[in-house]
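Visitor: sequence and predicted model, in that order:
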Amino acid sequence: MTVIIDGKAVSKRIKDELKELVANKKAQGKTACLAVIQVGNDPASSVYVNNKKKACEYIGIGSKSYELKEETSQEELLSLIDSLNEDDDVSGILVQLPLPGHINEDTVIRRISPKKDVDGFHPMSVGALSIGEDGFVSCTPQGVIELLKRYDIEISGKECVVVGRSNIVGKPMAMLLLRENGTVTLCHSKTRDLKAVCKRADILVVAVGKPKLIDHEYVKEGAVVIDVGIHRMENGKLCGDVDYEDVYDLCSAITPVPGGVGPMTIAMLMKNCCKNL
Ligand code: GUN
């Protein structure tokens, strides 16, 4: 029997736990507030930003919203970040990516104070993760670890294969699995014989951004398969980087798309927002 890992249900549970924590802290006079900045009005970004603001409202933390025009200069954005860094009422700062082409994302990410870097994208946060120090951790890979733990899936000693080496998912995912004592292989577009490497995995995490790349030829019997991808197919339905139907019977557990990893990203963002409460 394959276990379907229900990220939507776990995410709801985490948000309810945080709601209780926030209420208790509020009684002690402690509050959190997330500043969300969006530059331009890319429709997908607007959906994400709205979901983040709604989640803040649900768990009872404040949110400040900055909707800046597409033509906003990099200097204007940086000076807003400077003022939010200084603002004691703001505990977290999130700049929704992607940014318009005339703005350098790396410069913007570096300007956010590491103390308020709830996305975990600042090089200080990434460095802290890589040497095992405390800091903000990127939300999606943190959500994957949380799912594995809440489903009692042992990581220690397991062969963990991560496909995709992005700064936001693949690399921090590998670091987190290593922190949990997994034996980690990080694959990418130049990996030779990807099928054979994936087939070794007890835990296979896929974040490559290619619809249904991973089929039964990549999956060992009994493996746990975590699908970080999300794509809209021509028929309007969503699919992941994994061919779900094709690998389902082989896996001991699998995350569906939608309803697997996706909802965990916002839950972990909320967890990060409450980190220093
Ligand atoms: N754009 C897509 N995903 C993310 C995310 O997790 N954080 C930010 N800031 N922008 C994104």
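Guide: Done, it's in. Numbering: from 1, shown residues only.

Visitor: endpoints of stretch 220-228, how far apart?
Guide: The first and final residues of stretch 220-228 sit 19 Å from each other (C-alpha to C-alpha, to the nearest Å).

Visitor: that one and the ligand, any residue contact?
Guide: No. Under the criterion of C-beta under 6 Å from any ligand atom, the ligand is not reached by stretch 220-228; the shortest gap measures 11.2 Å. Quick note: C-beta positions are derived from backbone N, CA and C, even for glycine.

Visitor: closest residue of the stretch 51-200 of the chain to the ligand?
Guide: Across the stretch 51-200 of the chain, no residue is closer to the ligand than Leu97, which sits at 3.7 Å (C-beta to the nearest ligand atom).

Visitor: just to be sure, that residue is in a helix?
Guide: No. Counting by DSSP: H, G, I helix; E, B strand; the rest coil, Leu97 is not found in a helix; it is coil.

Visitor: hang on, isn't it packed against Asn104?
Guide: No. At 11.9 Å, Leu97 and Asn104 do not qualify as touching, with contact defined as C-beta atoms under 8 Å.

Visitor: these two - which one has more neighbours?
Guide: Counting neighbours by other C-beta atoms under 10 Å for Leu97 and for Asn104 shows that Leu97 has the greater number, 16 against 12.

Visitor: and the residue nearest to that one when sequence neighbours are not counted, what does it touch?
Guide: Spatially, and ignoring its direct neighbours in sequence, Leu97 is nearest to Glu105 (6.2 Å; C-beta to C-beta, 6 or more residues apart in numbering). Going by C-beta atoms under 8 Å, 6 or more residues apart in numbering, Glu105 touches Leu97, Pro98, Leu99.

Visitor: what's the answer for Leu99, then?
Guide: Leu99 makes contacts with Val39, Gly40, Leu77, Glu105, Val108, as judged by C-beta under 8 Å, 6+ apart.

Visitor: per-residue pLDDT, the residue of the stretch 51-200 of the chain closest to the ligand?
Guide: Among the per-residue scores, Leu97 shows a pLDDT of 97.

Visitor: may I have the phi/psi pair for Tyr66?
Guide: Reported as degrees, to the nearest 10, the phi and psi values for Tyr66 are phi -120, psi 110.

Visitor: quick check: beta-bridge partners of it?
Guide: In this structure, Tyr66 bridges to Ile37 when assessed by DSSP bridges.

Visitor: so what's the residue count around it?
Guide: When neighbours are counted by other C-beta under 10 Å, Tyr66 registers 18.

Visitor: check Lys115 too.
Guide: For Lys115, the number of neighbouring residues by other C-beta under 10 Å comes to 15.

Visitor: what of Leu269?
Guide: For Leu269, the neighbour count with other C-beta under 10 Å is 27.

Visitor: any idea how far it is from the ligand?
Guide: When C-beta to the nearest ligand atom, to the nearest Å is applied, the distance between Leu269 and the ligand equals 7 Å.

Visitor: quickly find the element holding that residue.
Guide: Per DSSP states H and E: Leu269 is located in helix 262-273.

Visitor: counting by contacts, list what that helix packs against.
Guide: The criterion is 3 or more C-beta pairs under 8 Å, 6 or more residues apart in numbering; DSSP states H and E, and the helices and strands that helix 262-273 contacts are helix 7-27, helix 43-59, strand 92-95, helix 139-150.

Visitor: let's see 7 Å
Guide: With contacts defined as 3 or more C-beta pairs under 7 Å, 6 or more residues apart in numbering; DSSP states H and E, helix 262-273 has these neighbours: helix 7-27, helix 43-59, helix 139-150.

Visitor: mind giving me TSV with those helices and columns for distance to the ligand?
Guide: Conversion of these to TSV gives the following (distance: least, C-beta to the nearest ligand atom, whole Å):
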stretch	distance to the ligand
helix 7-27	14
helix 43-59	6
helix 139-150	6
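
Visitor: out of the ones you listed, which is the most enclosed?
Guide: Most buried of those, by mean neighbour count (mean count of other C-beta atoms under 10 Å): helix 139-150, with a mean of 23.

Visitor: quick check: Gly101 is in a strand.
Guide: No. The assignment for Gly101 by three-state DSSP gives coil, which leaves it out of any strand.

Visitor: could the helices and strands packed on helix 262-273 be laid out in JSON lines, adding distance to Val161 and mean pLDDT?
Guide: Supplementary listing: the helices and strands packed on helix 262-273 in JSON lines, determined by distance: least, C-beta to C-beta, whole Å; pLDDT from 0 to 100:
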{"stretch": "helix 7-27", "distance to Val161": "20", "mean pLDDT": "98"}
{"stretch": "helix 43-59", "distance to Val161": "28", "mean pLDDT": "97"}
{"stretch": "helix 139-150", "distance to Val161": "13", "mean pLDDT": "98"}
